[in-house]
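K.L.:
3D, please:
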Amino acid sequence: MRIAVYLPLLLSVLVPFGARPLAERCEPRLATWLLTACALILGTATTISLGLLAITGLTGVPLLAALGHWSARTAQINDPAEPPVALLAGLLLGGALFTAGRMLWRRAKSLASAVWDAACMPTHDGLVIVEDETPDAYALPGLPGRVVVSTGMLRTLDTSEHDILLAHERAHLAAHHYAFVALAGLGAAANPLLRPLATAVTYTVERWADEQAVRATGDRRRVARAVGKAALAAHGSLSPLRPATLGFRGFLGRRNPLGGAGPVPRRVAALLAPPLARRPGLVLATTAVLALTVLSTVAATHDLNEFLELVGIAHHGPHHVGMDGPDHTALLTTVKRG
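P.N.:
This next block holds a predicted model:
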């Protein structure tokens with residue numbers, strides 16, 4: 001546990017540096033899956049690691065040991081985490097659980113609101129056109145979902161580009177992109193170091209929808225032009241039509257994490273270039289990181305169970321209760337080795 005418990009924390013510092021290269025060099029659909037898995041698994045693993053460190057610190061508290069009838073002295077001697085480390089881990093764990101819980105609650109409310117809004121929008125083909133001069137278009141999750149487009153956005157694009165707009169937004173709904181963004185955001189809420197992964201997912205779902213629009217229309221240059229025009233029209237304006245924040249939007253606007261000038265040129269450049277390959281090397285590297293994260297978490301959890309047995313928590317026996325001296329430590333160590 002002394003090494004395994006810290007490994008997810010170390011990986012959460014290193015892995016985000018690979019988020020943007022993975023997003024830009026790997027096929028968008030695969031990149032979205034890999035980045036979301038990294039954010040969710042690393043976020044979960046680091047939270048577990050903080051919990052394990054905090055638990056080992058609590059076992060050395062004499063008052064708790066007296067109430068639970070385990071050996072505080074044995075815990076202090078064999079504790080794999082120094083008390084300041086365990087205290088810090090406990091504080092970080094509380095913050096992680098609070099921010100993740102708050103984010104999960106807000107996402108659930110937003111999704112429920114979106115589903116309700118979609119159900120209240122009558123349409124036959126899933127398209128809702130709203131009279132508004134502000135250029136805006138977004139996918140609204142629901143049962144079924146809706147594509148909401150303002151008349152301002154329709155006027156911004158040529159008639160021949162309307163099919164690209166619809167294909168892009170419908171791709172968001174068909175592939176449930178809001179779920180990928182929400183899951184990656186949940187991992188980043190638990191561990192703020194993983195925010196670059198969540199930001200990259202917001203970019204890759206847009207690239208995924210762009211490529212679906214290319215498949216629907218068969219013209220990469222026309223899609224690139226439509227994406228650029230729509231993004232430029234939406235930049236600097238925020239329509240009151242925008243639903244409650246889901247962390248997911250069709251085209252870019254000011255409040256989007258990728259709403260600056262950077263992502264749009266990257267999307268357009270990617271559309272003007274040949275389609276990206278799957279990059280087996282990146283896939284293998286990402287899979288190896290995820291496997292290492294899971295294995296280290298399992299190993300740390302197993303080590304904690306052995307530690308709890310050593311101090312007399314996991315298995316209470318007649319010789320454990322009320323014993324808190326050198327002889328007790330030697331006895332437990334002998335039992336452990338035997």
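K.L.:
CA only for contacts and neighbour counts going forward, please
P.N.:
OK.
K.L.:
distance of A213 from G126?
P.N.:
Separation of A213 from G126 (Cα to Cα, to the nearest Å): 17 Å.
K.L.:
Please identify which of these two sits among more neighbours.
P.N.:
Ranked by neighbour count (other Cα atoms under 10 Å), A213 and G126 place A213 first, with 25 against 17.
K.L.:
So which residues of the stretch 51-200 of the chain form helices?
P.N.:
For the stretch 51-200 of the chain, applying DSSP state H, counting those that start in this stretch gives helices covering 62-68, 72-78, 83-119, 151-156, 162-174, 177-190, 195-217.
K.L.:
and after the last one, which helix or strand comes next?
P.N.:
Going back to what we said before, that points to helix 195-217. helix 220-234 (DSSP states H and E).
K.L.:
Now do that next one against helix 162-174, angle only.
P.N.:
Interaxial angle of helix 220-234 relative to helix 162-174 (axes from the mean of the first three to the mean of the last three Cα atoms, to 10 degrees): 80 degrees.
K.L.:
Mind listing residues that contact helix 220-234?
P.N.:
134-136, 153, 156-157, 161, 164-165, 210, 213-214, 251-253, 264-265, 267-269, 271-272 (Cα atoms under 8 Å, 6 or more residues apart in numbering).
K.L.:
in it, what counts as buried?
P.N.:
220, 222-234 (16 or more other Cα atoms under 10 Å).
K.L.:
Let me see the contact set for L88.
P.N.:
L88 neighbours (Cα under 8 Å, 6+ apart): none.
K.L.:
10 Å instead, please
P.N.:
The contact partners of L88, taken as Cα atoms under 10 Å, 6 or more residues apart in numbering, are 50, 53-54, 94.
K.L.:
try R266
P.N.:
24, 203, 207, 272.
K.L.:
Which two among those are spaced furthest apart?
P.N.:
Y203 and L272 (16.8 Å; Cα to Cα).
K.L.:
Of those two, give the one with the bigger neighbour count.
P.N.:
The neighbour count for Y203 versus L272, taken as other Cα under 10 Å, is higher for Y203 (24 against 16).
K.L.:
how many neighbours does the nearest residue to G126 once chain neighbours are set aside have?
P.N.:
Nearest non-adjacent residue to G126, counting by Cα to Cα, 6 or more residues apart in numbering: R146, 4.9 Å away. The number of residues packed around R146, counting by other Cα under 10 Å, is 26.
K.L.:
Tell me the spacing between R146 and T44.
P.N.:
32 Å.
K.L.:
Now do A108 against A190, distance only.
P.N.:
Applying Cα to Cα to A108 and A190 gives a distance of 16 Å.
K.L.:
which one of the two has more residues nearby?
P.N.:
A190 (29 against 14).
K.L.:
The more buried one touches S49, doesn't it?
P.N.:
No: taking Cα atoms under 10 Å as the definition, A190 is not a contact partner of S49, at 12.0 Å.
K.L.:
give me the number of residues near Q212?
P.N.:
Using other Cα under 10 Å: Q212 sits among 20 other residues.
K.L.:
now swap in G18 and tell me
P.N.:
15.
K.L.:
In contact with it, which residues are there?
P.N.:
35, 196-197, 200, 282, 286.
K.L.:
wait, isn't T44 in contact with L183?
P.N.:
No: counting by Cα under 10 Å, T44 does not reach L183; the two are 11.1 Å apart.
K.L.:
now the contacts of helix 220-234: which count as buried?
P.N.:
134-136, 153, 156-157, 161, 164-165, 210, 213-214, 251-253, 264, 267-268, 271-272.
K.L.:
what residues are up against the residue nearest to the spatial centre of the chain?
P.N.:
Per Cα atoms, centre = their mean, the C-alpha nearest to the average position across the chain is that of A184, at 1.8 Å. A184 makes contact with 32-33, 35-41, 43, 194-202, 247, according to Cα under 10 Å, 6+ apart.
K.L.:
shared neighbours of A190 and S49, anything?
P.N.:
L93.
K.L.:
how much space between D125 and A171?
P.N.:
D125 is 14 Å from A171, by Cα to Cα.
K.L.:
Over to A4?
P.N.:
Counting by Cα to Cα, the gap from A4 to A171 is 40 Å.
K.L.:
same deal with A182?
P.N.:
In terms of Cα to Cα, A182 sits 17 Å off from A171.
K.L.:
same question, E309
P.N.:
E309 is 52 Å from A171, by Cα to Cα.
K.L.:
quick one: which of these two has more around it?
P.N.:
A171 (23 against 16).
K.L.:
looking at it, the more buried one is touching A209, isn't it?
P.N.:
Yes: the criterion here is Cα under 10 Å, and A171 meets it with A209 at 5.3 Å.
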